[in-house]
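Asks: coordinates only, sequence not included:
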Ligand code: ARG
């Protein structure tokens, strides 16, 4: 039983295999006297990672002293339950960041709770610091899902520097690979890769070339090419006509678009905890999907629905960014989003060029584009005579106001006269 946390005997830790969570396993055992179960969730963080890589991570947790170490494959669930909704909502926090980390935390929280029940644990733990958003997302999610579980945050409590953590890992013989000693804090999943700390903490410093993994330099891009993305009710379902599940499509599209240097984001971001931070992301697949999806919406959504949806998309992104995945407003907004997607079915042609992915064509069985109404050619079916009366009534109130109340405009200068 723990002195620091009375009543806590066994803890399930959200384990990434990284330096902090590895040291946290042993640190909680040493300082809090608890048993630790390490739970790693595969959310697609290393697209090339195979079973062997996850076995290495499992063994690292056991070497650190965990009584059990488990890996669960959360990729399909992340794609279908979280990323697909983000695509439907065209979600980009502050207009730019497609929510990568914000989408995985509520999923990992769900698995933490399930593991805590399986192992009879009284608490769950995460390895977040006190300065970030991820602690907010974990804890708010956990409190919504399992208010009876205690939440521990060793990394927030311990006050160790990165160098301290590396030293402790050595002292406790926890097998840390050289890659864990890089100065960056990296979080990744199917939707993209987030890079923080190190040299990029200086907002004036350009991101060093070494940080990129999913995107090539634009100068190294191959010759232009095209892909066709198919959507069904707002969800991406095909690539060049072939059916592909979203959790497989994302890494494929990452490779395709990433090769052109598409998908890098470098921004100053407002964290929930009040800090402005310099964030660098690479999300080639996710950004290409969102661009294609919103283009297909422009073809299939009625105007008022589309405009109202655009207003709510920002709200959706804010909520999810702020850790409120499990909230009544997110659910209500998703009910609205879902309703809007009924006819967002069709295909989008995307042309890949060095540094950009541009939509160059779209088609939908229930698209609202009506050639006979839009054309300026001979087969025009638009009733031109209706336009004159419509425009006159549209401007009628302004015309009346102008006649009765509008202030005099300064005279238009004569040609050649200085204003
Ligand atoms: N700023 C981003 C967010 O709040 C990325 C967080 C990345 N997390 C990390 N542990 N490096 O979603």
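Replies: Yes, it's here. Quantities reported herein were computed from a predicted structural model and do not represent experimental measurements.
Asks: how about whichever residue of the stretch 301-419 of the chain sits closest to the ligand: what's its closest non-neighbour residue?
Replies: In the stretch 301-419 of the chain, the residue that lies nearest the ligand is residue 321 (6.5 Å; C-beta to the nearest ligand atom). (Glycine included, C-beta is placed from N, CA and C.) In this structure, residue 321 finds its nearest non-sequential neighbour in residue 93, 4.5 Å apart by C-beta to C-beta, 6 or more residues apart in numbering.
Asks: the one you found bridge partners, please.
Replies: With DSSP bridges as the criterion, residue 93 is bridged to residue 97.
Asks: can you pull the contacts of it?
Replies: Residue 93 makes contacts with 99, 102, 269, 317-318, 321, as judged by C-beta atoms under 8 Å, 6 or more residues apart in numbering.
Asks: try it again with 6 Å
Replies: For residue 93, the contact set (C-beta atoms under 6 Å, 6 or more residues apart in numbering) comprises 99, 317, 321.
Asks: read off the pLDDT value for the residue of the stretch 301-419 of the chain closest to the ligand.
Replies: Note on residue 321: pLDDT of 98.
Asks: just checking, it touches residue 101?
Replies: No: the criterion here is C-beta atoms under 6 Å, and residue 321 misses it with residue 101 at 9.1 Å.
Asks: between the two, which contacts overlap?
Replies: Counting by C-beta under 6 Å, 6+ apart, nothing touches both residue 321 and residue 101.
Asks: pretty sure residue 231 is in a strand, no?
Replies: Yes: using DSSP: H, G, I helix; E, B strand; the rest coil, the assignment for residue 231 is a strand.
Asks: which residue is the nearest non-sequential neighbour of the closest residue to the ligand within the stretch 201-350 of the chain?
Replies: At 4.8 Å from the ligand, residue 279 is the closest residue in the stretch 201-350 of the chain, using C-beta to the nearest ligand atom. Nearest residue to residue 279 in three dimensions, chain neighbours excluded: residue 269, at 4.6 Å (C-beta to C-beta, 6+ apart).
Asks: what's the pLDDT at residue 416?
Replies: 85.
Asks: try residue 196
Replies: So residue 196 comes in at 92 (pLDDT).
Asks: that one: neighbour count?
Replies: 19 (other C-beta atoms under 10 Å).
Asks: ditto for residue 169
Replies: 21.
Asks: how about residue 347?
Replies: 18.
Asks: what's the pLDDT at it?
Replies: We have a pLDDT of 98 for residue 347.
Asks: pretty sure it is in a strand, no?
Replies: Yes: Residue 347: assigned to a strand according to three-state DSSP.
Asks: beta-bridge partners for residue 232, please?
Replies: Beta-bridge partners, per DSSP bridges, of residue 232: residue 235.
Asks: sorry, back to before: where's the residue nearest to residue 279, which helix or strand?
Replies: Using DSSP states H and E, residue 269 sits within strand 264-270.
Asks: by how many degrees do the helix or strand following that strand and strand 264-270 diverge?
Replies: Counting by DSSP H and E, the element after strand 264-270 in chain order, helix or strand, is strand 276-282. Interaxial angle of strand 276-282 relative to strand 264-270 (axes from the mean of the first three to the mean of the last three C-alpha atoms, to 10 degrees): 160 degrees.
Asks: do I have it right that the residue nearest to residue 279 meets residue 278?
Replies: No: using C-beta under 6 Å, residue 269 is not in contact with residue 278, being 7.8 Å away.
Asks: what's the closest residue to residue 83 other than its chain neighbours in contact with, if anything?
Replies: Among residues not flanking residue 83 along the chain, residue 191 sits closest, at 5.3 Å (C-beta to C-beta, 6+ apart). Going by C-beta under 6 Å, 6+ apart, residue 191 touches 83, 100, 103, 286.
Asks: which one of those is nearest the ligand?
Replies: Closest to the ligand, out of all of the contacts of residue 191 and judged by C-beta to the nearest ligand atom, is residue 100, at 6.2 Å.
Asks: could you give the number of residues near that closest one?
Replies: 24.
Asks: which residue sits closest to it in space, ignoring its chain neighbours?
Replies: Among residues not flanking residue 100 along the chain, residue 192 sits closest, at 4.2 Å (C-beta to C-beta, 6+ apart).
Asks: ditto for residue 231
Replies: Nearest to residue 231 is residue 296, by C-beta to C-beta, 6+ apart, at 5.6 Å.
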